[in-house]
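K.L.:
Okay, here's the prediction I keep looking at, along with the sequence it came from:
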Amino acid sequence: MNILITNGRVIDPSQELDARLDVLIEDGLVTRVDKKIKSNAAVFDAAGLVVTPGFIDLHTHLREPGQEHKETIRTGTLSAVAGGFTAVCAMANTLPPNDERAVTEMIIAESARNGACRVYPIGAVSKGLKGEALAELAELRAAGCVAVSDDGKPVYNAQLMRRALEYCSMLGIPVVAHEEDANLSDGGVMHEGYYSTLLGMGGIPAASEETLVARDVILARTTGAQLHIAHLSTAGAIDAVRAARAKGVRVTCEVAPHHLALTDETLQSFSTNLKMNPPLRSAQHRDAVIAAIADGTVDAIATDHAPHHFDEKNVEFDLAPFGVIGLETAFGVCVTHLVARGVIDLARLVDLLSCGPARVFNLDGGTLAAGSLGDVTVVDPQARWEVPKSFRSMSSNSPFVGMSLQGRPLATIVGGVVKYDARQAGQAPAATRQKPRPRAKR
Ligand SMILES: [Zn+2]
C-alpha cells in the first residue's frame with residue numbers, strides 16, 4: 001500500500017521543516033519527503049492543507065475492557081482518527097484494570113483487530129489501582145506497556161511512588177502521575193474559589209494538585225527517574241515543574257485542551273459536561289497554563305478523553321462522574337485558543353500534539369523522517385466549524401458542543417492507510433451509538 005501526499009505545506013518540527021513538499025509512504029513507512037516526487041503510488045492531494053506527523057494522545061480512556069457502554073477500543077480509535085490522532089495511549093483504569101500481562105495483551109490484540117489507529121497501553125502502578133502493592137511492572141513493560149499510571153487516582157504512598165520510579169527508571173519508561181491530594185479535594189466537584197463559593201459547590205483547591213506535584217518532583221530528583229505529570233492545571237504546579245527542570249530533574253508534563261480554553265466561570269451553567277478532574281480552574285491558573293505552553297515548559301497536549309454514557313452525566317452536578325471527551329475537538333480548540341490568538345505558531349502546536357508526545361514516552365512516530373512510521377495527519381488550520389452534538393466516540397460528554405472552532409483535521413493516515421478522510425466521511429458519524437433511555441424529569 002503506497003501513497004503519495006502531494007502539494008501540501010509540510011510542517012515537521014522534528015526536522016525543523018516547513019515547506020511545500022510531497023510525502024511518499026511505501027510499505028507503511030515514510031520513504032521520501034521532497035519537492036515534486038514522481039511515483040506511481042496512489043495520490044492524496046493536500047493542496048491548500050497542512051501535512052504533519054500523526055498526532056499522538058498520551059492520555060486516552062478507551063474504557064475497554066469493562067465499560068463498553070461508554071466506549072470501546074473500536075469507537076475510541078475511530079474518534080481518535082477523526083481528531084487527527086494516529087496513536088493513543090490507553091489509560092489503565094479499565095475493569096479489570098491493566099495491572100497484568102493478560103489485560104495488556106487483550107488490549108493490543110483487540111487494537112490490532114478493530115482499532116483504527118495505534119494503541120499503546122499504559123499499565124497500572126499498583127495492583128488493582130489500590131495504591132498498596134506495586135503491579136508487576138517488568139511484566140507490563142515486556143507485554144507492551146509504554147508507561148505506568150494509576151490515573152484516576154494519585155499514588156498516595158510516597159514509598160510506593162519512589163519504588164515505581166526506581167523500577168521504571170530501569171525499564172526505561174515514565175511514571176505518569178495524576179496529582180491530587182484526595183484529603184484536600186474530598187467532596188469537591190469544581191475548582192475552589194470565587195465561583196465555588198458563589199454557586200455553593202464543594203471546592204477542589206489548587207493546593208490539592210500543587211502539594212502532590214511538589215512531593216513527586218522531589219521523588220523524581222531523588223531517584224533520577226522520569227516523572228510525567230498528567231493534566232497539569234495549576235500555577236503552583238507549573239512553577240514546581242519549571243524550577244525542577246531548571247535543576248535538571250527529569251520531569252515532563254502535559255496539559256488538556258479544556259484547561260487552556262475554559263475556566264470555572266462557565267460552571268454557572270451547571271452543565272455536567274464541564275465537570276472533570278482536575279477541574280476547570282480560575283482565569284489566573286488558566287493564564288499560567290497558557291504561559292507554560294508558550295515558554296516551552298509544557299511537553300505535550302493530551303486530551304484526557306474520558307467518555308461517559310449520557311445517562312451517567314444526565315444527573316445533578318454533584319452526582320455526575322468526572323470526565324469529558326476530547327479527541328475530536330483537541331486540534332480545533334488548540335488552534336482557536338493558541339494559534340489564532342498568537343500564543344504559539346502552528347509548528348509549535350504540531351510539536352505539542354505529535355513530536356513532544358513521541359519524545360516524552362519514547363514512541364515511534366512524531367516525525368516524517370525517512371524510515372519512520374507512515375503516520376500522517378492532514379489539517380486545515382483555517383477551517384471554521386461548529387462542534388456537533390454527536391461524535392464518532394460513543395459518548396458525547398464534550399464541553400465544546402455548539403462552540404465555533406477554527407482548525408480541523410482533514411485526513412488521518414496510519415501506516416500508509418487512510419483511516420479518516422473528512423472529504424469522504426460526510427457529516428454522518430461512523431460509530432454506532434446507543435439511544436439514551438428516557439428519564440423522568442426531576
Ligand atoms: Zn487523571
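P.N.:
Good, I have the coordinates. Residues are numbered from 1 along each chain as shown.
K.L.:
Tally up the residues packed near Thr266, please.
P.N.:
Thr266 has 14 neighbours, counted by other Cβ atoms under 10 Å. Using the backbone N, CA and C atoms, a C-beta is placed for each residue, glycine as well.
K.L.:
before we move on, what about Ala411?
P.N.:
When neighbours are counted by other Cβ under 10 Å, Ala411 registers 24.
K.L.:
doesn't Thr377 make contact with it?
P.N.:
Yes. Contact criterion Cβ atoms under 8 Å: Ala411 and Thr377 qualify, at 7.5 Å.
K.L.:
Strands of the stretch 201-350 of the chain, start to end?
P.N.:
Counting by DSSP state E, counting those that start in this stretch, the stretch 201-350 of the chain has strands at residues 203-204, 227-229, 251-255, 300-301.
K.L.:
would you turn these into TSV with distance to the ion?
P.N.:
Shown next, in TSV, are the strands of the stretch 201-350 of the chain (distance: least, Cβ to the ion, whole Å):
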stretch	distance to the ion
strand 203-204	12
strand 227-229	10
strand 251-255	10
strand 300-301	14
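K.L.:
possible to save those as CSV with mean pLDDT and mean neighbour count?
P.N.:
Output for the strands of the stretch 201-350 of the chain, formatted as CSV (pLDDT from 0 to 100; neighbours: other Cβ atoms under 10 Å):
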stretch, mean pLDDT, mean neighbour count
strand 203-204, 98, 25
strand 227-229, 98, 27
strand 251-255, 98, 25
strand 300-301, 98, 27
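K.L.:
Now render the ones you listed as JSON lines, adding distance to Thr72.
P.N.:
Output for the strands of the stretch 201-350 of the chain, formatted as JSON lines (distance: least, Cβ to Cβ, whole Å):
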{"stretch": "strand 203-204", "distance to Thr72": "30"}
{"stretch": "strand 227-229", "distance to Thr72": "26"}
{"stretch": "strand 251-255", "distance to Thr72": "24"}
{"stretch": "strand 300-301", "distance to Thr72": "24"}
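K.L.:
contacts for the helix or strand harbouring Arg162?
P.N.:
If you go by DSSP states H and E, Arg162 is part of helix 158-171. Outside helix 158-171, the residues that touch it by Cβ atoms under 8 Å, 6 or more residues apart in numbering are 125-126, 131-134, 137-138, 141, 147-148, 155, 174-175, 177, 215-216, 219-220, 222-227.
K.L.:
Please name the strands paired to whichever helix or strand comes after it in the sheet, noting orientation.
P.N.:
Downstream of helix 158-171, the next assigned helix or strand under DSSP H and E is strand 175-177. Strand 175-177 has the following strand partners under DSSP bridges: strand 147-149 (parallel), strand 227-229 (parallel).
K.L.:
what about Glu254, distance to His178?
P.N.:
Between Glu254 and His178 the computed distance is 11 Å (Cβ to Cβ, to the nearest Å).
K.L.:
and for these two, which residues touch both?
P.N.:
Contact criterion Cβ under 8 Å, 6+ apart; residues shared by Glu254 and His178: Ala230, His231.
K.L.:
For the ion, what's its nearest residue on the stretch 201-350 of the chain.
P.N.:
Evaluated by Cβ to the ion, the stretch 201-350 of the chain has Ala230 as its residue closest to the ion, separated by 5.1 Å.
K.L.:
Report the contact partners of that residue.
P.N.:
With contacts defined as Cβ under 8 Å, 6+ apart, Ala230 is in contact with Leu58, His59, Ser149, Asp151, Val176, Ala177, His178, Glu179, Cys253, Glu254, Ala302, Asp304.
K.L.:
farthest pair in these?
P.N.:
Across those, the longest distance by Cβ to Cβ is 15.1 Å; it joins Leu58 and Glu179.
K.L.:
neighbour count winner among those two?
P.N.:
With neighbours defined as other Cβ under 10 Å, Leu58 and Glu179 compare such that Leu58 has more, 32 against 27.
K.L.:
roughly how far is the strand or helix carrying the more buried one from the heart of the chain?
P.N.:
Using DSSP H and E, Leu58 sits in strand 55-60. Taking Cα atoms, centre = their mean, to the nearest Å, one finds the center of strand 55-60 at 4 Å from the center of the full chain.
K.L.:
ok, now stretch 43-50?
P.N.:
Worked out by Cα atoms, centre = their mean, stretch 43-50 lies 26 Å from the chain centre.
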